[in-house]
Each structure stands twice: as structure tokens, then as C-alpha cells.
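K.L.:
Test case, fold it:
(one chain, ligands or ions: 3)
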Amino acid sequence: MAVRVIKEKCKGCSKCKKVCPFEAVTIEKKLAIIDESKCTGCGQCVESCKFGAIEQDKDETKVDLSAYKGVWVFAEQRKGKITPVVFELLGEGRKLADDIGTELCAILLGDKVEKLTKDLIAYGADKVYLAEDPELKDYRTDAYAKVINDAIEKYKPEIVLYGATHIGRDLAPCLAVKAQTGLTADCTKLEIDPEDKKIKQTRPAFGGNLMATIVCPKTRPQMSTVRPGVMQKAAPDKKKKGKVINLKVKFGKNDIRTKVLKIVKTAGDQVSLTDAKVIVAGGMGVGGPEGFELLQKLADKFPGGVVAASRAAVDSGWIDHSRQVGQTGTTVKPNIYFACGISGAIQHVAGMQTSDIIIAINKNETAPIFEVADYGIVGDLFKVIPEIIAALP
Ligand code: FAD
Ligand code: SF4
Ligand code: SF4
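P.N.:
Ligands and ions are numbered 1, 2, ... in the order given. Modelled structure (predicted):
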């Protein structure tokens, strides 16, 4: 157990019971009893007891934090192309590394991907850890987690950042378990505490109604996932020099338990929401699946324009879930975002508010979407959109 009560010292004052966030403490016959099945070892009761009656296993805090150095970015690539969020993470990672006074590194896995190291260095990496092997050609959890975990154990980074892509969301929790450390998912802000140089990771909580700032005080590395489109991409410097460190890759017979038989893209040839430059999104105001046909006509007016939706429209079965924008969908950052018949709930806005230009069309002039819109059109979308289409070349 993480904490234990010293019977001889306990006065039964209940202070520990009051501070325990997990209701793990009860007081029986003037003695604190800790329920092991509920206790997370957070240590709050230890600090609260002025009689020194609760002690915590010292092993829990044994990690030598000073042995961990450097900020790492997982350089996700698919088919030999670096995923755009990696450049955003390098931009953010550069700031964090400079604030700590440490180096910024990328870790790149794949088969015949060495040529990509140049881009990672140009976008800010001082070093690239490179693992090349035919087994790493396509992403598989077992293979990638083994290689990265071995590298974490050997080189001990203090921070590791992952894009909150499908791959990042699969890989990061697996590595957190292997490295016995914490992970904060879907961060919207990262900053270094000037006093202790630990990373403060901020993310929406309670349905986006408040922002929680999370720290990882006792274990290393500190790990976060960040959604695409949230952080600013750094400007590349083609002249920047960096080191490439080749990682030894060796898999045992049982290390990889899956085989990739075929890769099937569900969204067909459509541009992904995260890459789209123009998005025409529809909500309950479009009235049904056929309403999205009008939105598609507007999207077709722009090269690579795509249609997206609010969760309410997705939940109504009007459009596929892969098109959902928002807190529980995709975060997007296009040049133009049309919000058509979308009220502007906080969970929707969380996924599109960093778009360059937001154009809202809504028949209710008090709809919250107008608070984040650069251009607001009050009117019936079935009248407004055909007029916009007609006006466009
Ligand atoms: P409504 O709120 O019903 O708004 C419809 C709008 O259309 C209204 O403003 C109306 O005035 C307008 N309208 C109607 N007819 C017309 C017309 N003819 N012309 C013009 N305007 C018209 N939502 C998301 O979108 N993404 C998420 O990721 C997401 N995650 C969530 C997570 C949690 C934990 C929770 C609790 C909720 C989440 N939601 C999410 C749901 C969110 O709270 C809203 O319910 C949802 O965004 C509302 O969708 P809407 O704007 O399409 O519908
Ligand atoms: Fe006992 Fe200390 Fe808890 Fe009070 S705070 S009940 S003294 S363990
Ligand atoms: Fe509760 Fe935390 Fe104390 Fe466990 S360590 S009893 S969870 S306050």
C-alpha cells in the first residue's frame, strides 16, 4: 500500500478523511483506516496529518528526476511523410526546451525514413533519434512501443510530446504504462513553471467548462498528447545543423503480436479535416442529411474544401462521425471555417476557434457562434448559401 497509518500516533481527528479526494479514509474507534482498493497514493493525507501519523512508502518517490534531460517529440510519419502535427509540436517543444535550458529532440521510426531527419532538424530538433527497420514500416503498437520505451530507458528524456492523432492516442498511453509515468491527453497549453522547471499541462475538463492544469511531480518522463491545429508551427531553418543518432532495433520472436494485412482508408479520397484549408460545417440547422448536399456544393467551390459537422448532426446519423468537429471530434484550423446552422456550444467551439476566418450563418442573432465569428450572417442558411455559391466564381 502507498500509505499507512501509525496506530500509536493517530488521534482520530478526521483531518485525513476530509482531505482525501478518493473517500479512501474512514475513522473507526478514533483510528484512521485506509481502504487500499480506493487509495491512489496521492499523499494528501500525509501532508494533512499534524501528528505525523501517516507515512508513505519512500519507494514511490525514488525516481531520480535529475537524471532526465531533454524534450522529445514523437515524429509520427505515414508512408514516409511526416504528419503535420509534428511540426507544431516541434514549434512548441522548442519553446519548452529553451525555457528549461535543454535540447529538443525528435524520435523517428520507420523503414527507409532517414531523409525525413533533415526536415525535423530544420523545424527545430537539435537531435533526431532514428530507428529504421522493415518491421517499423507501418505503425503497430507493439513494435513502436518497444523501440521508444527502450530509447526512453536509455536516454531518459524529461518530456515527451505526441500528436493526439489515432496513432499518438494509441501509443502514448501504452508508453506511459511501460515507463510507469503520467500522461495528460489533449493538452491545449503547455508551459514551464519558472520555479521548478516542471511542465504545466492544461486541458479542458468537465465537458470543456473549466480548464485543468496538470503536473507530473514524481515520475519521468512527463508526457502529453496535443491535438493537431492547437500549437503554432515553427518557421523552418534549412541551414540549421543537428545530430542523427541511430537506434539499434532488435525484435524477439514474441515482441510483435500483430500483422498489417491491408490498410483501408475510410474517408475515401477526401482531404482530412486536419489538413483542410476550407471547411463548410453544418449543425442541426441543416435539417437532415440532404442539407449537407447544399454544404457540399459550397465546399466544392474551393479547392480541397470539405464538409464537417457538429456532434448533434453526427448523433442524428446525418453524417459520418469522422466529420465531427469539436472536443470529442477533430480540432481544425482551416483558413476559412463556415459554421452553418450551428449554435456554437462550447464543445464545438473548442474544436474550431483557432480557424483563421470564421463565417457563421445562423437565423438566431443571439446564437453564441457569433461571439467567435469574424463574419456573422443572420439568416436562413437555405437562402444565404445559394447566394454565396452564386456569387463565387
Ligand atoms: P443546436 O444547438 O441545436 O443548434 C442549431 C442551430 O441552428 C441553432 O443555433 C439554430 O438557430 C440554427 N438554425 C436552425 N435552422 C436554421 C436555418 N435554417 N438557417 C440557419 N440557422 C439555423 N458538439 C460538437 O459539435 N462537437 C463536439 O465534439 C462535442 N463534444 C461534446 C462533448 C460533451 C462531453 C458534451 C456534453 C457535448 C458535446 N457536444 C459536442 C455537443 C454540444 O454541447 C452541442 O449539443 C452541439 O454542438 C449542438 O450542435 P448544433 O449546434 O448543431 O445544434
Ligand atoms: Fe489520525 Fe492523522 Fe488522520 Fe487525524 S489526520 S485521523 S491523527 S491519521
Ligand atoms: Fe486518500 Fe490520497 Fe491518503 Fe490514499 S494517499 S488515503 S487517496 S489522501
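K.L.:
ok, which stretches of the stretch 101-250 of the chain are helices?
P.N.:
117-122, 141-155, 166-178 (DSSP state H, counting those that start in this stretch).
K.L.:
any chance of those helices in a markdown table, with mean neighbour count too?
P.N.:
In short, each C-beta sits where N, CA and C put it, glycine included. Shown next, in a markdown table, are the helices of the stretch 101-250 of the chain (neighbours: other Cβ atoms under 10 Å):
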| stretch | mean neighbour count |
| --- | --- |
| helix 117-122 | 20 |
| helix 141-155 | 19 |
| helix 166-178 | 18 |
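K.L.:
Go through those and name the closest to ligand 1.
P.N.:
Of all the helices of the stretch 101-250 of the chain, helix 166-178 sits nearest to ligand 1, with 15.0 Å by Cβ to the nearest ligand atom.
K.L.:
what residues does that closest one touch?
P.N.:
74, 76, 78, 83, 85, 139, 141, 144-145, 148-149, 152, 160, 162, 182-183, 185, 223, 225 (Cβ atoms under 8 Å, 6 or more residues apart in numbering).
K.L.:
shaky segments in the stretch 51-200 of the chain?
P.N.:
58-62 (pLDDT under 70).
K.L.:
ok, now with 90
P.N.:
Residues of the stretch 51-200 of the chain meeting the criterion pLDDT under 90: 56-66, 166, 188.
K.L.:
Which residue does it have closest to ligand 2?
P.N.:
A53 (3.8 Å).
K.L.:
Hmm, that residue is touching S14, no?
P.N.:
No: taking contacts as Cβ atoms under 8 Å, A53 lies outside contact range of S14: 11.9 Å.
K.L.:
any shared contact partners between those two?
P.N.:
A32.
K.L.:
More neighbours: these two, which one.
P.N.:
Neighbours per residue, other Cβ atoms under 10 Å: of A53 and S14, the larger number sits with A53, 22 against 13.
K.L.:
Contact residues of the stretch 1-150 of the chain facing ligand 3?
P.N.:
When proximity is defined as Cβ under 6 Å from any ligand atom, the stretch 1-150 of the chain approaches ligand 3 at 2-3, 19-20, 22, 24-25, 34, 39-45.
K.L.:
Could you tell me which of those residues are located in helices?
P.N.:
Using DSSP state H, the members of these that fall in helices are V19, Q44, C45.
K.L.:
Within reach of ligand 1, which of those are there?
P.N.:
With the criterion set as Cβ under 6 Å from any ligand atom, no member of these is near ligand 1.
K.L.:
Now, of those residues, which are buried?
P.N.:
C45 (16 or more other Cβ atoms under 10 Å).
K.L.:
sorry, back to before: out of the residues of the stretch 1-150 of the chain next to ligand 3, which are buried?
P.N.:
A2, V3, C20, A24, V25, I34, C39, C42, G43, C45.
K.L.:
Closest one to K238 out of these, please.
P.N.:
C42 (47.8 Å; Cβ to Cβ).
K.L.:
OK, contacts around the closest one?
P.N.:
Contacts of C42 (Cβ under 8 Å, 6+ apart): P21, F22.
K.L.:
Would you quantify the distance from it to V25?
P.N.:
12 Å (Cβ to Cβ, to the nearest Å).
K.L.:
K50 now?
P.N.:
Applying Cβ to Cβ to K50 and V25 gives a distance of 15 Å.
K.L.:
how far away is T40 from ligand 1?
P.N.:
For T40, the distance to ligand 1 (Cβ to the nearest ligand atom, to the nearest Å) stands at 24 Å.
K.L.:
Does K112 touch L130 like I think?
P.N.:
No: K112 lies out of contact with L130 (Cβ under 8 Å); the separation is 11.0 Å.
K.L.:
neighbour count winner among these two?
P.N.:
When K112 and L130 are compared for neighbours, L130 comes out ahead with 21 against 11, by other Cβ under 10 Å.
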